[in-house]
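Q: let's see this in three dimensions:
(4 chains)
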There are 2 protein chains.
Amino acid sequence: MNGRELDPRKELILKVVTDDYIESAEPVGSRTIARKYNLGLSPATIRNEMADLEENGYLQQPHISAGRIPSHQGYRYYVDSLMKQQALNKKELQVIQSCINNLTMDLDELDLLLQQTVKVLAQITRYPSLMLGPKLQPSVFTHVQLIPLNEHNILVLVVTNMGVIENKLITVDVPVSQMDLDRISYVLNKKLRGKTFDKLKTSFISELREEMEVHDSLFHKAIHLLLRTLESRDKDRIYLDGIINILDHPEFKELEKFKSLMEMMDEEESIYRMLEKTSGHQGLQISIGEEIEEEAFQQCSVVTATYEIGGKVVGTIGVLGPTRMDYGHVVAVVDFVSHYLSKVLSDMNKYN
Amino acid sequence: MNGRELDPRKELILKVVTDDYIESAEPVGSRTIARKYNLGLSPATIRNEMADLEENGYLQQPHISAGRIPSHQGYRYYVDSLMKQQALNKKELQVIQSCINNLTMDLDELDLLLQQTVKVLAQITRYPSLMLGPKLQPSVFTHVQLIPLNEHNILVLVVTNMGVIENKLITVDVPVSQMDLDRISYVLNKKLRGKTFDKLKTSFISELREEMEVHDSLFHKAIHLLLRTLESRDKDRIYLDGIINILDHPEFKELEKFKSLMEMMDEEESIYRMLEKTSGHQGLQISIGEEIEEEAFQQCSVVTATYEIGGKVVGTIGVLGPTRMDYGHVVAVVDFVSHYLSKVLSDMNKYN
DNA sequence: AATTAGCACTCATCATCTGAGAGTGCTAAC
DNA sequence: GTTAGCACTCTCAGATGATGAGTGCTAATT
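A: Below is the predicted model of the structure:
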């Protein structure tokens, strides 16, 4: 509400209050500040400043005779202007890199890679971690395979350079010969191989659709499946890890709070909404308290960052915590992980 | 410890105490029993009987002036001899059936089917639910496919009548021609198609292994992969759902208890141990308190049942709760779900 | 004019105390 | 063998009061 800048001393005090509250989870009083961070100011002066900060909406008091804690507006100011990004130490870097790298790189282990990524994110930050994506658009279509299982069932496999992405059963009324299947596979592969999915979506498919009219119904179905795949796969794929970590923080000592959070986390839809909102903006983003729209996350903040394949944003990673979360550290970790993941994925994408 | 049977009246009282405690979560006193379940006995008589039951180890007192609660031994006696299995009502039956059935039966949705199954199990019982499996042994090998991705990478797909089960990347030093791939695919498919995996394991593979010696290294690798697949897939595949349900029960109102439980649930290994122990015995099984060996489950019970494909045990489902869980209901649900799941899976297995 | 010391006041927290209530075991009567 | 009666134990919930951290305000100090 109050957009104007704060004078340096007020900034200092807001920063100190926030830092201390983040660390201790206790409202912080003027005395504590004076003692702990010798700023060359007496408690009384600090009190006056804090009173001003409260009046302007940056701090608040849980009750009249308690210390101050930052308001959402205070946190916002803190993360925008005051926070010191806390460099990762070597051990952390090493753990992250080895977790995200240390894979046999088998195609079907993309999933494992992503799982590992959120796991390590949760492990390092000690907060619940989330991940969305990745979208397929920048992947390169490699192969479609039609496999006859029996007379009436055909298995359609779509393979990309990032791994098998879809396998669906198609039921046909009339038996189809192996030759027919081969012919269709051949046509599809010839037309599509080597194209990225976003190109497919915009141009080639419509081209194919026209040809399709003249072909038989199996062909029809295969194309249809392909189309559906392109659209559907973006939506799913939510990864979660480290939810219990939230219990380490006193704001969730009341079971009810925790429970409603858990229930929210169980609904893929709401997580999707939360993360997806950010995927427009590229890069790192912090949402504090009511800036997240979900009801149960009112007392939480989320630090999200997009990640990319070959320069295209394909997904989001995020860390969820109480508003009183260790922004400095989390931001550094999320930033690093998102970039590192982008690099690893982009390499995979080129390599294959 | 005390193996001999209880006389009918003691049985009655043990049953009433257990039933009431399961419902109320409060220690139950003689007065309550006399008032609530008019057994034609005075509180004093009931007290005497309860004193006996306590002496024999079936009941215990949380503190001296509280009512009684069942000991583990008491629960054991209860589930073995006293418990009334509580028939499922129509709505429950319907929900279960529709959840497990209501699928398009696409091959790759086996996973979804299993997920749905634990979900509905958790939903109906209101306890956390687990699932292990299914093992692949009774599945029928349908197809192996070698797909060239580029010069040095070949994708190997193994398809069964239950769906694609493995796709792995093989890296070769020397480029392999399409013709070679076709030849190898042809041989493998010819040899293996239509055989169940347990047969493969015991006989055909060794046969192939001999032939293999004379063939090239790609062939070698493909077979090797197949073998590894057969062994590895049994182990993974743990499904969980409804963990939060445990919070509805007062024994977990202390966060620490819940937390240690959660941590245990996060370790696949311990869940695996817990469920796998039962997979020897066919059918339904109840483990109470320290009968489960895991540390954190001391205050819990598990009701498990095996499920089958074509008469062969392939996996386990289970429901976890406090020792004070509603055995009557849970047993009925687990029993039904295990049988129904067996039926659905067996049908799938035949059908394809 | 800004800073600080001093003081009265507020409020949460914690330990202690109290009474009520539920339940027991024992004894004696039925 | 069963039950009524009673003294006793122990938990739980609420009340009380001391403690201490923290504030706002005023007046003195720099």
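Q: which residues touch the residue positioned nearest the centre of chain A?
A: Geometric centre of chain A, nearest residue: A:Ile317, 2.1 Å, by C-alpha atoms, centre = their mean. When contacts are counted by C-beta atoms under 8 Å, 6 or more residues apart in numbering or on different chains, A:Ile317 touches A:117-118, A:121, A:129-132, A:304-305, A:307, A:334, A:337-338, A:341. For the C-beta atoms, the positions are set from N, CA and C on the backbone; glycine is no exception.
Q: find the nearest non-adjacent residue to it, please.
A: By the measure of C-beta to C-beta, 6 or more residues apart in numbering or on different chains, the closest residue to A:Ile317 outside its immediate chain neighbours is A:Met131, 4.8 Å from it.
Q: same thing with A:Thr304?
A: Closest residue to A:Thr304 apart from its sequence neighbours, by C-beta to C-beta, 6+ apart: A:Gly318 at 3.8 Å.
Q: then whichever strand or helix holds that neighbour to CSV, C-alphas only?
A: In this structure, A:Gly318 sits in strand A:312-322 according to DSSP states H and E. C-alpha atoms of strand A:312-322 as CSV (Å, rounded to 0.1, in the frame of the first residue of the first chain):
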residue,chain,number,x,y,z
LYS,A,312,12.3,-22.6,-24.1
VAL,A,313,10.5,-22.5,-20.8
VAL,A,314,9.1,-25.9,-20.2
GLY,A,315,8.3,-26.1,-16.5
THR,A,316,8.5,-24.8,-13.0
ILE,A,317,10.2,-25.8,-9.8
GLY,A,318,9.2,-24.4,-6.5
VAL,A,319,9.7,-24.5,-2.8
LEU,A,320,6.9,-24.0,-0.3
GLY,A,321,7.4,-22.7,3.2
PRO,A,322,5.8,-20.6,5.9
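Q: now that strand: mean pLDDT?
A: For strand A:312-322, mean pLDDT is 93.
Q: can you check stretch A:251-269 too?
A: Stretch A:251-269 comes out with an average pLDDT of 87.
Q: and A:Asp198, that's in a strand?
A: No. Looking at A:Asp198 with DSSP: H, G, I helix; E, B strand; the rest coil, it is helix, so not inside a strand.
Q: ok, it - how many residues close by?
A: When neighbours are defined as other C-beta atoms under 10 Å in any protein chain shown, A:Asp198 has 15 of them.
Q: skipping adjacent residues, who's closest to it in space?
A: Leaving aside its sequence neighbours, A:Asp198 sits nearest to A:Gln137 (C-beta to C-beta, 6+ apart; 3.9 Å).
Q: distance-wise, check the one you found relative to A:Ile317.
A: With the distance defined as C-beta to C-beta, to the nearest Å, A:Gln137 ends up 18 Å from A:Ile317.
Q: over to A:Tyr272?
A: Counting by C-beta to C-beta, the gap from A:Tyr272 to A:Ile317 is 14 Å.
Q: which neighbours do the two have in common?
A: In contact with both A:Tyr272 and A:Ile317: A:Leu132, using C-beta under 8 Å, 6+ apart.
Q: please flag which of the contacts of A:Ile317 sit within helices.
A: Using DSSP state H, the members of the contacts of A:Ile317 that fall within helices are A:Thr117, A:Val118, A:Leu121, A:Val334, A:Val337, A:Ser338, A:Leu341.
Q: what segments of chain A are helices?
A: Counting by DSSP H, the segments of chain A that form helices are A:8-24, A:30-36, A:43-55, A:72-77, A:90-101, A:110-125, A:178-192, A:197-199, A:205-214, A:217-232, A:255-266, A:268-278, A:327-351.
Q: deepest of these, which one?
A: The highest average neighbour count among these, using mean count of other C-beta atoms under 10 Å in any protein chain shown, belongs to helix A:72-77 at a mean of 22.
Q: who are the packing partners of that one?
A: Helices and strands touching helix A:72-77, by 3 or more C-beta pairs under 8 Å, 6 or more residues apart in numbering or on different chains; DSSP states H and E, are helix A:8-24, strand A:284-288.
Q: relative to strand A:312-322, how tilted is the first one?
A: Between helix A:8-24 and strand A:312-322, the angle formed by their directions is 80 degrees, by axes from the mean of the first three to the mean of the last three C-alpha atoms, to 10 degrees.
Q: quick one: contacts of helix A:8-24?
A: Contacts to helix A:8-24, defined as C-beta under 8 Å, 6+ apart, come from residues A:6, A:27-28, A:32-33, A:36-37, A:39, A:46, A:49-50, A:52-53, A:58-59, A:68-70, A:74-75, A:77-78, A:81-83, A:324-327.
Q: any buried residues in the strand holding A:Gly318, and which?
A: Within strand A:312-322, the residues that count as buried by 16 or more other C-beta atoms under 10 Å in any protein chain shown are A:Lys312, A:Val313, A:Val314, A:Gly315, A:Thr316, A:Ile317, A:Gly318, A:Val319, A:Leu320, A:Gly321, A:Pro322.
Q: give the bridge partners for the fifth one, please.
A: On the basis of DSSP bridges, A:Thr316 is bridged to A:Leu132, A:Thr306.
Q: could you do the last one as well?
A: With DSSP bridges as the criterion, the beta-bridge partners of A:Pro322 are A:Cys300.
Q: could you pull up the contacting residues of A:Gln137?
A: Taking C-beta under 8 Å, 6+ apart, we find A:Gln137 in contact with A:Thr196, A:Phe197, A:Asp198, A:Lys201, A:Lys312, A:Val314.
Q: test my guess that the third one contacts A:Val140.
A: Looking back up the chat, that one is A:Asp198. No. Between A:Asp198 and A:Val140 there is no contact under C-beta atoms under 8 Å: 10.5 Å.
Q: about what we covered before: okay, the contacts of A:Gln137 in JSON lines with distance to DNA strand D next?
A: Below are the contacts of A:Gln137 laid out as JSON lines (distance: C-beta to the nearest atom of the strand, whole Å):
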{"residue": "A:Thr196", "distance to DNA strand D": "58"}
{"residue": "A:Phe197", "distance to DNA strand D": "57"}
{"residue": "A:Asp198", "distance to DNA strand D": "55"}
{"residue": "A:Lys201", "distance to DNA strand D": "58"}
{"residue": "A:Lys312", "distance to DNA strand D": "50"}
{"residue": "A:Val314", "distance to DNA strand D": "47"}
